[in-house]
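Participant: here is my input, please return the structure:
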Amino acid sequence: MKKVWIVGASGHVGSALLKQLDCLEYELLVTDVSEMDVTNRQDVNSYMKISRPDVVINCAGMTNLDACEADPDAAYRVNAIGARNLAIECELAACKLIQLSTDDVFSLTSDHPYNEFEPAHPRSVYGKSKYAGEQMVMSLSTRYVIIRSSWVYGTGSDFVSTVRDAVKEQTPLRVPINQYGVPTSAKELAKVVTYFIDNDLFGVYHAVCTGSCSRYEFAKEILKNIGSDVELIPIEADDSRPVYSVLDNMMLRLDRLEQPAEWKTALAEYFKEIRGEA
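Facilitator: So this is what the prediction gives:
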């Protein structure tokens, strides 16, 4: 039975993976920051020696953009140094490392979807720290997969929960009309991550639901699925926020791997599940 260590297991993707993976097929090792601080090299070393995983999936990360800007040291410590520590130990143990990353590694000013072969040029501290983590993984390990995604929603706080809260409180919601991306359910992303546990593919992959939309269109579709309404106030996003963050799943296509579902279909499925209909 293959041992799979999920780092940062209480987040969006970690939670989805725990639902996705069959515990009769894999021995799951589950940690969050309270059990394992990936920024502590010695702790990572000790855990790897004791548990001896075959695959490590790094879902840990500091993802709040404002928090990253306010404390760059903390952002780099988690997003870069944490990735470095895991990369070193995975290389020593000859195990596969699956590193979760983000669309924010790009400049987000393009007029076409970013594929895996385009140069990264992050603008935010969050994007820069996640890209630094990618560089650490690529330079320190040989058996790695880096999976970038965007606008991920699922368990916990995200844009879907923000809209749902606005509905509950019946408070108007200001939503950008000039931010474009791909809403991606954690469940669909977890399916892609699962592909790489057992195959022998390595490298950088994008994994987003198919299609794209503006943040405003995303909010309208969320309201449609909720079957409720709240006032949406269209606004122009300022220059400090992403404008165009659409990713292209080129590598999944080239390797003939199944792509995630269309974003509206995945969103509808998510709401069916939380209503207990799926």
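Participant: so who does residue 173 touch?
Facilitator: Residues near residue 173 by Cβ atoms under 8 Å, 6 or more residues apart in numbering: 162-163, 166, 219, 230-233. All C-beta atoms are positioned from the backbone trio N, CA, C, and that covers glycine.
Participant: mind listing the helices for the stretch 101-250 of the chain?
Facilitator: Under the criterion DSSP state H, counting those that start in this stretch, the stretch 101-250 of the chain contains helices at 125-140, 159-169, 186-198, 215-226, 250-254.
Participant: as TSV, these with distance to residue 19, mean pLDDT and mean neighbour count would be great.
Facilitator: TSV is the format used below for the helices of the stretch 101-250 of the chain (distance: least, Cβ to Cβ, whole Å; pLDDT from 0 to 100; neighbours: other Cβ atoms under 10 Å):
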stretch	distance to residue 19	mean pLDDT	mean neighbour count
helix 125-140	25	98	22
helix 159-169	17	94	17
helix 186-198	7	96	22
helix 215-226	20	96	19
helix 250-254	22	98	15
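Participant: which one of those helices lies closest to residue 114?
Facilitator: Proximity to residue 114 (Cβ to Cβ) singles out helix 250-254 among the helices of the stretch 101-250 of the chain, at 9.3 Å.
Participant: contact partners of the closest one?
Facilitator: Contact with helix 250-254 is made by 115-117, 192, 203-207, 258-259, as judged by Cβ under 8 Å, 6+ apart.
Participant: in strands, which of those appear?
Facilitator: Under the assignment DSSP state E, these contribute 203-206 to strands.
Participant: what's the farthest-apart pair in the residues you listed?
Facilitator: Taking Cβ to Cβ, the two most distant members of those are 203 and 206; they sit 11.1 Å apart.
Participant: neighbour-wise, which of those two wins?
Facilitator: Legend: neighbour count by other Cβ atoms under 10 Å for residue 203 and residue 206, higher for residue 206 (25 against 11).
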